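# Pasting the sequence and the predicted model now:
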Amino acid sequence: MAVDLRLLARSGKDISFDMKDLILASASPRRAELLKQIGVQFDVCAANIDESLRQEESSRDYVLRMAQEKAQTIAPRFPGALILASDTSVVVDDEVLGKPVDEADAAQMLVRLADRSHVVMTSVCVLGEKMQLTLNETEVWFRAISAIEMAAYWQSGEPADKAGGYAIQGLGAQFVARIDGSYSGVMGLPLFEVAQMLRQAGLR
């Protein structure tokens, strides 16, 4: 199926979809690349929601809620389609690290992540006739990082729009000593879980 969802959104018209049609509720090019990697065909319609952390909300509850709200926000616009939504957060000492607002913020994040482990949580919500919701947790160990390296990394432009201020699939890989879990989950979409959920929802 080839539908220009931007034109559809502007027109305000409804279109009938069926369960073989998949909508990715994310503008992330990394998630799109990962889905293509396992041979899934899909259209994209990013979900714009309030991503603020609620008071006393745990990191796990937050990440799961984000994926669910993204899917539920998109679903009414595409009745009958299968919706796939996801959220990725870098968590250290049970604190969710968002995207850095400037160089100082990015450096502060790397200081906290350096020479220790942290957890990358990626939630996935598949919404069709019923809802499936899961959470992948991967532990990532960073080596020590010098101030010069932090400054150079910021100048590369890579950390600016990344949760936790780094990208494991890019230059940030040089800081990663090892991981325990899903590499694709750290990138933004745990493919093992996604494939299982899509099969269960009837998508071949």
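The structure has been received and is ready for your questions.

# Strands of this protein, residue ranges please.
Secondary structure of the chain (DSSP state E): strands located at 22-24, 43-44, 82-92, 95-97, 117-127, 131-142, 176-180.

# Okay, now the sheet partners of the fourth one, with direction.
Looking back up the chat, that one is strand 95-97. In the sheet, strand 95-97 lines up against strand 82-92 (antiparallel) (DSSP bridges).

# Return the angle between stretch directions for the strand it pairs with and strand 131-142.
For strand 82-92 against strand 131-142, the angle by axes from the mean of the first three to the mean of the last three C-alpha atoms, to 10 degrees is 30 degrees.

# from the chain's centre, how far out does strand 82-92 sit?
When distances are taken as C-alpha atoms, centre = their mean, to the nearest Å, strand 82-92 is centred 4 Å away from the chain's centroid.

# Relative to F175, how far out is T134?
Look at T134 and F175: by C-beta to C-beta, to the nearest Å, they are 27 Å apart. Where you see a C-beta, it was placed from the backbone N, CA and C, and this is true even at glycine.

# More neighbours: which of the two?
Between T134 and F175, F175 has the larger neighbour count (other C-beta atoms under 10 Å), namely 21 against 17.

# Chain neighbours aside, what residue packs nearest to the more buried one?
Once flanking residues are discounted, F175 sits nearest to F142: 4.9 Å by C-beta to C-beta, 6 or more residues apart in numbering.

# For D87, list each beta-bridge partner.
For D87, the beta-bridge assignment (DSSP bridges) gives partners S123.

# any idea how far G80 is from it?
Distance, D87 to G80, using C-beta to C-beta: 24 Å.

# more crowded one of the two?
Neighbour count, other C-beta under 10 Å: between D87 and G80, D87 has more, with 25 against 14.

# show me the contacts for the more buried one.
The contact partners of D87, taken as C-beta atoms under 8 Å, 6 or more residues apart in numbering, are V63, M66, A67, K70, T122, S123.

# so what pLDDT did it get?
The confidence metric pLDDT takes the value 96 at D87.

# what do you get for the one 10 residues further on?
pLDDT recorded at L97 is 94.

# circling back to that earlier point, pairing partners for the residue nearest to F175 in the sheet, please.
F142 has these beta-bridge partners by DSSP bridges: V176.
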